[in-house]
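Q: Below is the sequence, then the predicted model.
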Amino acid sequence: MDDVSVGNFEGSQPNNGDVVCPNGGVSAVGDSHSPSTIAPPDATLGRHIARRLVEIGVRDVFTVPGDFNLTLLDHLIAEPSLNNIGCCNELNAGYAADGYARQRGVGACVVTFTVGGLSVINAIAGAYSENLPVICLVGGPNTNDYGTNRILHHTIGLPDFSQEFRCFQTVTCYQALINNLDDAHEQIDTAISTALKESKPVYVSISCNLAGIPHPAFSREPIPFSISPRLSNKLGTEAAVEAAATFLNKAVKPVMVGGPKLRAAKACEAFVELADASGYAIAVMPSGKGLVPEEHPRFIGTYWGAVSTAFCGEIVESADAYLFAGPIFNDYSSVGYSLLLKKEKAIIVQPDRVVIGNGHAFGCVLMKDFLRELAKKIKKNTTAHENYSRIYISQGCPLKSLLTDPLRVNIMFQHIQKMLSADTAVIAETGDSWFNCQKLRLPTGCGYVFDHHIINININAYSNEYILYLKNGLCRYEFQMQYGSIGWSVGATLGYAQSVPSKRVIACIGDGSFQVTAQDISTMLRCNQKSIIFLINNGGYTIEVEIHDGPYNVIKNWNYTGLVDAISNGESKCWTTKVFTEEDLINAIGKATGEMADCLCFIEVIVHKDDTSKELLEWGSRVASANGRPPNPQ
């Protein structure tokens, strides 16, 4: 990622409609002069949006054209620093923006009104659940159609055009409806700055006849906006740190566990600082994998209750105190609500709140500030890690088989482990890949790294810097656990690979998931991406089979390599192969990382329909039990 500087973009205050100028005055965005007579021809709303996206670090925008957004797309692609990545459908465009935001820190997609918006909304909901700032731009109706009784195409046949807007209110942190130019500058800047500040998606609808009109507010040097940074309450932080230090320093064998909200809280580095100071054994929740360096000397693995990595669950659940930083406890991460944790032993640290045992809760305390201050007060205690070292036994190897025997999944992931390096990234699709990829050990440089790019956003014209983390490779392991949308990984692989071309993405995707979103292999090829996709073909929705089996979990088998070859059509750098044995796999990996390293490589791995990880079997049984609980008595 190139170094990014916002220049004079400064965000916005959602409750303040005035545009703050460097001299303290208010800009004349409501000027009554004809905009086109006093503004240069490239000072359009579309170009303004494009410049703002570039200023915050977006270099690629994922789009699907429709008649309501075509002019907007013209003006976006006129910006030299912004690339248009045309996707095959809106769902994948949203998934791609999700994957892009995971590495780049922010992503953007553009779709058309209602048919596009309601198609992309599933991906935007997933980004919301994962705390990812995605700017969702929708080309909307002509301004002259608002407030009339006209019925438009792409709607449900009512003169009320608000359905899409109301749907997005539930899955975005800010919504803007731009149908006049006078407040467009404010709304755009408010939307973008809110997305960055809240680390959530935003929705911006732009009337189709406005994107190309010049206006004085859209100059090459946009008027600065003001933004209030999130700050910890000083006294509250001190009280929370004092209470937490007292709580932890009394414990005999405390541990630390990192969760997925470390990313949104921008507290990964602070978590490691506390780990270094405390000497505690450290683990991650499954959806936090990659946010904590696995090369850390006291890293003990993934804490996932009954399906934790070897010996990790026992150490965490037997601790007499545990600090969870940014956890999400849902039915999936808790393995059907079966975690053996006790509230009175826990410190729960959320992005802006700390709860200690059964006692006090402290609000307005930012996670990164709390962890850093706690590191100064904590006493070193390595007991839990020493206990882990005493009981740990290296994992056994899979049963030996002939190289020509049918390939087993555990053998496959042994070979994928050997592929990982500082130059790779891993994306795991919902399904058994969750469990197999959790057991991959991320080498140095493949997980969390500390070198980061800083966006300087002036609080106002004269004050301090507001620091936004845009981590360079914030996390080189990604999966979508909270939302768990099957098919997410195809679009996410497209977006992630586009965001960091220096990394080669290794994606592990089940055949059922692939059938949902396969089309955007086409876009990967158009963008000359070099990912390696392992298509694990076991004939159905295996994760659903282990929760509740039925004929609906069996899918029609495709000739997957033939499909990708057809999409490539001899016009792209693409190599495909089918793998049946370990010998086939060794040869395929050798070719994909050797002579075909400059190609998108698609490796279809044929495995038995019942070949699953032991963790999926355990997890599926417990989730099924949770799903099948009878109604509580009335």
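A: Here it is on my side, so go on.
Q: where along the stretch 351-500 of the chain do the helices fall?
A: Using DSSP state H, counting those that start in this stretch, the helices of the stretch 351-500 of the chain run over residues 367-375, 383-391, 409-419, 432-438, 488-499.
Q: what's the closest of the ones you listed to G259?
A: helix 367-375 (10.2 Å; CB to CB). Heads up, the C-betas are built off the backbone N, CA and C, glycines and all.
Q: tell me what the closest one is packed against?
A: The contact analysis (3 or more CB pairs under 8 Å, 6 or more residues apart in numbering; DSSP states H and E) places helix 367-375 against helix 234-249, helix 261-265, helix 268-278, strand 346-350.
Q: Include mean neighbour count when you put these into TSV, please.
A: Output for the helices and strands packed on helix 367-375, formatted as TSV (neighbours: other CB atoms under 10 Å):
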stretch	mean neighbour count
helix 234-249	17
helix 261-265	25
helix 268-278	22
strand 346-350	24
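Q: Just put those in CSV and tack on mean pLDDT.
A: Shown next, in CSV, are those (pLDDT from 0 to 100):
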stretch, mean pLDDT
helix 234-249, 97
helix 261-265, 95
helix 268-278, 98
strand 346-350, 98
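Q: looking at the ones you listed, which is closest to V490?
A: Proximity to V490 (CB to CB) singles out helix 261-265 among the helices and strands packed on helix 367-375, at 21.9 Å.
Q: Dump the closest one to PDB, keeping only the CA atoms.
A: In PDB, the C-alpha atoms belonging to helix 261-265 read as follows (Å, rounded to 0.1, in the frame of the first residue of the first chain):
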ATOM      1  CA  LYS A 261     -12.900  -6.300  17.700                       C
ATOM      2  CA  LEU A 262      -9.200  -5.700  18.300                       C
ATOM      3  CA  ARG A 263      -9.200  -4.600  14.600                       C
ATOM      4  CA  ALA A 264     -12.000  -2.000  15.000                       C
ATOM      5  CA  ALA A 265     -10.500  -0.800  18.200                       C
END
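Q: Could you list the domains of this protein?
A: If you go by automatic domain parsing, the domain ranges for the chain are 35-218, 234-391, 409-450+473-616.
Q: Looks to me like C601 is in a strand.
A: Yes. When DSSP: H, G, I helix; E, B strand; the rest coil is applied, C601 is found to be in a strand.
Q: ends of stretch 570-577, how far apart?
A: 15 Å (CA to CA, to the nearest Å).
Q: Same check on stretch 348-357?
A: 8 Å.
Q: Skipping its backbone neighbours, what lies nearest V409 in space?
A: Counting by CB to CB, 6 or more residues apart in numbering, V409 lies nearest to D611, which is 4.9 Å off, once chain neighbours are set aside.
Q: any chance of the helices and strands packed on helix 367-375 in CSV, plus distance to Y128?
A: CSV is the format used below for the helices and strands packed on helix 367-375 (distance: least, CB to CB, whole Å):
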stretch, distance to Y128
helix 234-249, 27
helix 261-265, 11
helix 268-278, 21
strand 346-350, 16
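Q: Just tell me which of these ends up closest to E90.
A: Short answer: helix 261-265, nearest of those by CB to CB, at 24.9 Å.
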